[in-house]
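In: Sequence first, then the predicted structure:
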Amino acid sequence: MSTSLITRLSNCLNLEPTILEGLAVIASPFAIESGEFIFRQGETAIGMYVVDHGRVQIKARIPGDDALSIVELGEGEIFGELAFLDEEDRSASAIAVTAVTGWSISRAGFRGLLHGRQPVARNVLECIQKKVAGRIRQTLYRIIESSSVINLQRRTSVVSPRWSIPEASIASLLETFSTTGLMLVPRWVNLLEQCHLVEISRGARFDFDEGDEGRDSLLWVLRGAIRECVARGDELEQLWVTGPGALGAVVGFVDGEPHPLTLQAAEDSLVLALPRHRLAHLEAQDSLLAIFLQNLIGQQLALAQRRVNRHLGRAIGLHRFNHVTDH
């Protein structure tokens with residue numbers, strides 16, 4: 001069975017089978033009948049699943065206690081992977097559409113590999129992040145195509161942000177975030193060497209056009225707040241706000257495609273921008289800091305996945321309500 005597991009993951013994650021062999025020791029086979037739940041929304045997440053045979057539907061509750069079908073997955077695909085990115089409960093339910101067999105991979109076991117700096121854990125984590133980024137992007141496209149709009153903001157003209165080289169004193173701002181409190185200031189100097197400092201005034205936007213300096217950058221908000229929005233003609237539909245200590249533009253940074261959302265400063269903001277191509281330099285210079293940043297990216301991706309699912313659910317609920325009241 002472990003050979004079949006490695007083959008499935010190799011095809012799904014596009015990794016060499018020899019890299020994945022270490023996962024076999026933390027995987028357990030499972031089998032479930034058609035119509036049964038593999039896990040339910042709100043349950044404690046214990047790991048990720050790999051489908052060997054059968055089909056699985058991922059659903060989430062939406063306003064009105066209806067269910068939103070997020071995706072249907074088949075042989076060789078993974079689900080429940082947010083368990084490897086954060087410590088939150090399940091944000092959706094997984095239901096067997098047909099009889100399903102496969103493997104569950106323990107979160108605790110995977111974290112053991114990760115903390116032991118096993119190469120398999122790092123490679124798998126990066127691939128999972130790309131998978132999640134792709135699913136977020138697909139959900140964003142559904143939101144963009146939706147006719148139900150929530151939380152519109154005034155769209156402003158583009159004002160070019162001010163770019164500069166961050167000074168070492170900026171490291172003291174990073175130390176104020178609870179997520180970074182255990183890190184030492186000298187390590188942040190290594191990060192700052194790879195970043196730009198961006199000052200953006202309230203209402204100004206990043207449009208991520210071709211040639212824009214921030215087009216392929218991960219944005220770490222130091223001060224202020226950034227809205228991530230869908231462009232709706234002369235207005236912007238706010239999906240969420242990224243505040244101090246959180247990351248913005250994560251989807252495009254991870255999957256390498258243009259960022260699908262418009263970013264607008266909700267207030268005067270100070271942001272660190274890490275270009276995608278500079279991450280490799282950081283990894284070579286300070287592997288521990290790079291691992292920390294990779295974990296932070298994973299947490300932000302998991303949060304973004306939950307946010308887009310909730311937003312899409314509200315949009316679908318609003319559409320159904322309007323449809324009923326119109327008739």
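Out: Happy to help now that I have it. Numbering: from 1, shown residues only.
In: from the middle of its chain, how far away would the longest helix along the chain be?
Out: Ranked by residue count under DSSP state H, the longest helix found in the chain is helix 287-326. The offset between the C-alpha centroid of helix 287-326 and the centroid of the whole chain comes to 8 Å, using CA atoms, centre = their mean, to the nearest Å.
In: buried stuff in it?
Out: The neighbour-count check on helix 287-326 (16 or more other CB atoms under 10 Å) flags 289-294, 296-318 as buried. Where you see a C-beta, it was placed from the backbone N, CA and C, and this is true even at glycine.
In: One more: stretch 74-81?
Out: Of all the residues in stretch 74-81, those buried under the rule 16+ other CB under 10 Å are 75, 76, 77, 78, 79, 80, 81.
In: out of everything not next to it in sequence, what's closest to the second one?
Out: Ranked by CB to CB, 6 or more residues apart in numbering and with sequence neighbours excluded, the top spatial neighbour of residue 76 is residue 8, at 4.6 Å.
In: ok, that neighbour to residue 101 distance?
Out: In this view, residue 8 and residue 101 are 11 Å apart by CB to CB, to the nearest Å.
In: Could you pull up the mean pLDDT of the longest helix of the chain?
Out: The average of the pLDDT scores along helix 287-326 is 80.
In: go on, stretch 115-131?
Out: Computed over stretch 115-131, the mean pLDDT rounds to 88.
In: Please state the offset of that stretch from the chain centre?
Out: Relative to the centre of its chain, stretch 115-131 is centred 14 Å away, using CA atoms, centre = their mean.
In: list the buried ones in it?
Out: Burial within stretch 115-131, assessed by neighbour count using 16+ other CB under 10 Å, is assigned to 120, 121, 122, 123, 124, 125, 127, 128, 129, 131.
In: Is it correct that residue 222 is in contact with residue 271?
Out: Yes: using CB atoms under 8 Å, residue 222 is in contact with residue 271, at 6.4 Å.
In: the more surrounded of the two?
Out: With neighbours defined as other CB atoms under 10 Å, residue 222 and residue 271 compare such that residue 271 has more, 29 against 19.
In: Which strand residues bridge that one?
Out: In this structure, residue 271 bridges to residue 198, residue 221 when assessed by DSSP bridges.
In: how many other residues sit next to the nearest residue to residue 35 once chain neighbours are set aside?
Out: Nearest-residue entry for residue 35: residue 96, 6.5 Å, with adjacent residues in sequence omitted and distances by CB to CB, 6+ apart. Around residue 96 sit 20 other residues, with neighbours defined as other CB under 10 Å.
In: what's the spacing between residue 96 and residue 56?
Out: Look at residue 96 and residue 56: by CB to CB, they are 6 Å apart.
In: low-confidence ranges in this protein?
Out: Per-residue confidence of the chain (counting by pLDDT under 70) places the weak regions at 1-2, 62-66, 156-158, 178-186, 207-215, 319-327.
In: any idea how it splits into domains?
Out: 2-129, 152-285 (automatic domain parsing).
In: Out of those, which is closest to residue 140?
Out: Comparison of the domains of the chain against residue 140 by CB to CB identifies domain 152-285 as nearest, at 4.9 Å.
In: distance between the ends of that closest one?
Out: From its first residue to its last, domain 152-285 covers 43 Å (CA to CA, to the nearest Å).
In: So residue 147 versus residue 318, what's the distance?
Out: Distance check for residue 147 against residue 318: by CB to CB, it reads 10 Å.
In: go on, residue 124?
Out: Taken as CB to CB, the spacing of residue 124 relative to residue 318 amounts to 38 Å.
In: swap in residue 10?
Out: When CB to CB is the yardstick, residue 10 and residue 318 sit 42 Å from each other.
In: Kindly report the same for residue 28.
Out: Using CB to CB, one obtains 41 Å as the distance from residue 28 to residue 318.
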